[in-house]
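> Please find the sequence and the predicted model below.
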Amino acid sequence: MTTSTNGAFDRKPFIAGNWKMNMDHVQGITLLQKLAWTLSDAKHDYSRTEVAVFPPFTDLRGVQTLVQGDNLDVVYGGQDLSQFDSGAYTGDISGQFLAKLGCSYVLVGHSERRTIHNESDETLNAKVHAAFKHGVTPVLCAGEGLEIRQAGTHVEHTLAQVRAGVAGLTNDQAAELVVAYEPVWAIGTGEVAGPGDAQELCAAIRAELEKLFGADVAAKTRLLYGGSVKANNAAAILKEKDVDGLLVGGASLDPAEFANIVRFESHLVTD
Ligand SMILES: O=C[C@H](O)COP(=O)(O)O
């Protein structure tokens, strides 16, 4: 993450909490209230760092009501969407429904969807297009498992997932897209990829986007790192040039911890 001479970030930092299958709709409201109070007490500047939460589908209506009722600057999104608009797809959720609930974002291709639900690159590309069709910005997730990391093919593996996910996007869509690099071996394990690992992959993804869409587009696309992020490692990862934000799992369930991650700027050590 680099800043220009006036102290503005090249791309607006994006700190996102993925609640996964945690927090029922009552617990979710309490969590979001506590997070908003904590950030308000700390006078968090939302115009400087965007804050997003990704609750389970069943929480979204309550989150929408709280955000609207209390005028919160927190944005929110779904953890998945269907590639289809409507119809006989039992259990699936249309991007149209997410848009109607005020979702700004939707996760696409989280490793837990790729592995547990066997979602293919082709399906995920259709989901990316479905999100844009309904006016919801996709956060496309990509990253390698441990065996691929050990074999040393993690860069090519991740880039192949990204290429498949962004196929057919317009330049405007590619600029709006968010991509999250999440090495599977670092998710929920306590194993954190070092800042250098996060930078290596984010730089490679940006270079790939530049090849596909041009330098102007690639300079706008925000790239996140996710995998065992905590308040004590967030700032170091975000200091890396091509890392524009974080996708946080477990630590986003603790409002104090997550608020500290959001407030990474106060932990930045100047060289
Ligand atoms: O979506 C979030 C990532 O899967 C990271 O989860 P984690 O922070 O619990 O490792």
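That came through fine. Residues are numbered from 1 along each chain as shown.
> Tell me the pLDDT of the one residue in the stretch 151-271 of the chain that gets nearest to the ligand.
Closest residue of the stretch 151-271 of the chain to the ligand, CB to the nearest ligand atom: G249 (2.3 Å). C-beta here means a position set from N, CA and C on the backbone, and glycine is covered the same way. Note on G249: pLDDT of 97.
> how many neighbours does D45 have?
The number of residues packed near D45 is 11, by other CB atoms under 10 Å.
> coming back round to it: what sits against the residue of the stretch 151-271 of the chain closest to the ligand?
The contact partners of G249, by CB atoms under 8 Å, 6 or more residues apart in numbering, come to G17, N18, K20, I187, G188, G226, V229.
> Which helix or which strand is home to Y76?
Using DSSP states H and E, Y76 sits within strand 75-78.
> tell me which residues in the one helix or strand L209 maps to are buried?
For L209, the host element (DSSP H and E) is helix 195-213. Going by neighbour count (16 or more other CB atoms under 10 Å), the buried part of helix 195-213 is 195, 197-206, 208-209, 212-213.
> quick check, it touching the ligand?
No. Helix 195-213 lies out of reach of the ligand by CB under 6 Å from any ligand atom, never closer than 12.3 Å.
> got the contact list for that helix?
Contacts of helix 195-213 (CB under 8 Å, 6+ apart): 142-143, 154-155, 158-159, 162-163, 166, 169, 171, 174-175, 179, 181, 183, 217-218, 221, 223, 225, 236-237, 239-244.
> that older thread, which strands or helices does the helix or strand just after the strand holding Y76 pack on?
As assigned by DSSP H and E, the chain's next helix or strand after strand 75-78 is helix 95-100. If you count contacts as 3 or more CB pairs under 8 Å, 6 or more residues apart in numbering; DSSP states H and E, helix 95-100 packs onto helix 121-133.
> How far does the helix or strand that the helix it packs on is followed by sit from its chain's centre?
Per DSSP H and E, the first helix or strand lying C-terminal to helix 121-133 is strand 137-142. Centre-to-centre, strand 137-142 and its host chain are 7 Å apart (CA atoms, centre = their mean, to the nearest Å).
> and the angle from strand 137-142 to helix 121-133?
Inter-element angle recorded for strand 137-142 and helix 121-133: 160 degrees (by axes from the mean of the first three to the mean of the last three CA atoms, to 10 degrees).
> Which strands and helices lie in contact with strand 137-142?
strand 105-108, helix 121-133, helix 154-166, strand 178-181.
> Any chance you could list what contacts it?
16, 77, 104-111, 114, 124, 127-128, 131-132, 158, 161-162, 165-166, 176-182, 205, 224, 226, 247.
> what about that strand and the ligand, any contact?
No. With CB under 6 Å from any ligand atom as the measure, strand 137-142 is seen stopping short of the ligand, the closest distance being 7.2 Å.
> Would you indicate which residues of the next helix or strand after that strand are buried?
For strand 137-142, the succeeding helix or strand toward the C-terminus, using DSSP H and E, is helix 146-151. Within helix 146-151, the residues that count as buried by 16+ other CB under 10 Å are I148, R149.
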